[in-house]
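Q: okay, predicted coordinates and the sequence, questions at the end:
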Amino acid sequence: MTGGCPLEGEVRVSGAKNAALPIMCAALLTVKPLVLTNVPGLADVSTAARLLGQMGVAVERSDDGLMTLRAAQITSRVAPYELVKTMRASVLVLGPLLARFGEASVSLPGGCAIGARPVDQHIKGLQAMGATIVIEHGYMNARAERLRGARVVMDLVTVTGTENLMMAATLAEGSTVLENAAREPEVVDLANCLIAMGARIEGAGTDVIRIEGVGSLAGAAHRVMPDRIESGTLLAAAAAAGGKIRLIGALPETLDATLTKLREAGATIVAGKDTIEIEMSRRPAAVSVRTAPYPGFATDMQAQFMALATVASGTATITETIFENRMMHALEMRRLGADITIQGTTAVVRGVEKLQGAKVMATDLRASAGLVVAGLVAQGETLVDRIYHLDRGYEALEKKLGALGARIRRVK
Ligand code: EPZ
């Protein structure tokens, strides 16, 4: 891409990756069809469709975001390493398989670029609900006559941990209480889908979720919520590059922390019912951020805000509290001329007038988004390598940015 162009125009936000993935796994809980709309066209969604398909789930997709899943004939209860290693969210089949069939064999996810990301909370919660889980040859082999409701106090806030246990509890005997549950909007979207399928859930979106087990679940139709991280990424790009853009099909109330920080950086933001308009006509002011579980500032927005800070006026501190190794994009941004000092999980970013384009390498999904934002403002040409990371979580980001005036193209 060649930096220096302000962004102008309208762009539609896609469905949320981190809502679509657990909701697709929820199809395992019923023999009836689950009909989804606004499903984003992402690599991770294709991986999840493949994972479910090799279990016997009939997955039909069309280009306009419609997806139907039928788990009437499950032929395998195994989530193999080959698929799990490419997408950790595969662990989300564990709860549903145990709830419906009483057995599952799910590969341990293994390492990840941004941190160890263990699944001990998933295991602890399922064991509390009566599952026996043996780890052998890199797989979690789980069995349960019938899961029974339990009171689970999560040791830490975990998004997919909360989602796995919530799905397992929908068919367990009796009631389950999840304390210290994740409050992310994607957890709420999953709960809304499960409730439409006949589950009895209260408190999703708060840190205490109560689930009353039922005998079986029906099918349902559900529209996946808009992606708040894609929304935040597009807004951060406009704040860095300057200009005026309007997001269509967004959900402003799910990214309050990001909007507040963008206003602090000097952007004018007008949030409508399902639109967000941003105007930035000056150099951004330095804004410090500290990631936290929702409703705090999202860790998935950290790299994008570091990119913004590299060209801001002043010095910002970017502190990552969720993952232990989510600063690799800082080293790549230095190649663009950014002045960043890393101290543990805090980056001190002194804004510079201009970045210079260079070759950089993406290391993980949101790092690649941060590098794209930086490339939009760097003088000259920036080439971001390994953008297969980007395609995991963004639907044709270069097309959306190009339509807004960015000089950006995919290089084979
Ligand atoms: C979800 O991952 C998201 N993925 C991540 O988005 C997001 O960054 C993360 O939540 C935090 O918001 C999906 O929803 C598919 P966690 P998840 O369990 O659930 C530790 C993206 O870019 N932990 O909330 O895996 C863990 O190591 C991706 O779209 C345990 O120690 O994250 C981490 O430090 C990246 N034991 C912290 O908790 C456990 O059993 C939060 O992890 C579980 C988690």
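A: Nice, thanks for sending it over. These figures come from a predicted structure and were not determined experimentally.
Q: other residues contacting stretch 67-78?
A: 24, 27-37, 39, 49, 52, 54-61, 97, 100-101, 103-106 (CB atoms under 8 Å, 6 or more residues apart in numbering). Where you see a C-beta, it was placed from the backbone N, CA and C, and this is true even at glycine.
Q: just the ones of these in strands?
A: 33-37, 58-61, 103-106 (DSSP state E).
Q: ok, of the contacts of stretch 67-78, which come out buried?
A: 24, 27-30, 32-36, 39, 49, 52, 55, 57, 59, 61, 97, 100, 104-106 (16 or more other CB atoms under 10 Å).
Q: and the closest residue to Leu355 other than its chain neighbours, how close does it get to Ala312?
A: Leaving aside its sequence neighbours, Leu355 sits nearest to Ala378 (CB to CB, 6 or more residues apart in numbering; 3.8 Å). Plainly put, Ala378 is 14 Å away from Ala312 if you go by CB to CB, to the nearest Å.
Q: so which of the two has more stuff around it?
A: Ala378 (28 against 23; other CB atoms under 10 Å).
Q: now the nearest residue to Met55 once chain neighbours are set aside. Its backbone dihedrals?
A: Residue nearest to Met55 in three dimensions, not counting chain neighbours: Ser76, with 4.9 Å by CB to CB, 6+ apart. Per-residue torsions, Ser76: phi -140, psi 140 (degrees, to the nearest 10).
Q: how many neighbours does Ser76 have?
A: Using other CB under 10 Å: Ser76 sits among 12 other residues.
Q: can you check the pLDDT for it?
A: Listed pLDDT for Ser76 reads 98.
Q: now do Asp63
A: pLDDT, read off for Asp63, is 85.
Q: so what touches stretch 140-150?
A: When contacts are defined by CB under 8 Å, 6+ apart, stretch 140-150 is touched by residues 94, 97-99, 102-108, 119, 123, 125-126, 128-135, 168-169, 171-177, 211-213.
Q: now, of the residues you listed, which are buried?
A: 94, 97-99, 102, 104-108, 119, 123, 125-126, 128-131, 133, 168-169, 171-172, 176-177, 211, 213.
Q: how much space is there between Thr254 and Gly232?
A: For Thr254, the distance to Gly232 - CB to CB - is 9 Å.
Q: please apply the same query to Leu156.
A: Leu156 is 23 Å from Gly232, by CB to CB.
Q: higher neighbour count, the two?
A: Using other CB under 10 Å as the criterion, Leu156 and Gly232 rank with Gly232 on top: 27 against 11.
Q: where's that one relative to Tyr394, distance?
A: The spacing between Gly232 and Tyr394, counted by CB to CB, is 12 Å.
Q: go on, Val78?
A: Val78 sits 30 Å away from Tyr394, going by CB to CB.
Q: state the phi and psi torsions of the residue lying farthest from the centre of the chain.
A: Most distant from the centre of the chain: Glu145, at 32.7 Å, with distances by CA atoms, centre = their mean. Note on Glu145: backbone dihedrals following degrees, to the nearest 10 are phi -50, psi -70.
Q: state the distance from it to the ligand.
A: Going from Glu145 to the ligand by CB to the nearest ligand atom, to the nearest Å gives 24 Å.
Q: go on, Ser90?
A: 10 Å.
Q: repeat that for Val373.
A: Distance from Val373 to the ligand, by CB to the nearest ligand atom: 15 Å.
Q: now that residue, nearest residue through space, not along the chain?
A: Nearest non-adjacent residue to Val373, counting by CB to CB, 6+ apart: Ala307, 3.9 Å away.
Q: in terms of contact, does that neighbour touch Ala374 like I think?
A: Yes: assessed by CB atoms under 8 Å, Ala307 is found in contact with Ala374 at 4.1 Å.
Q: tell me, what's touching these two both at once?
A: 240, 333.
Q: close to the ligand: what parts of the stretch 51-200 of the chain are there?
A: 88-89, 115-122, 156, 158-161 (CB under 6 Å from any ligand atom).
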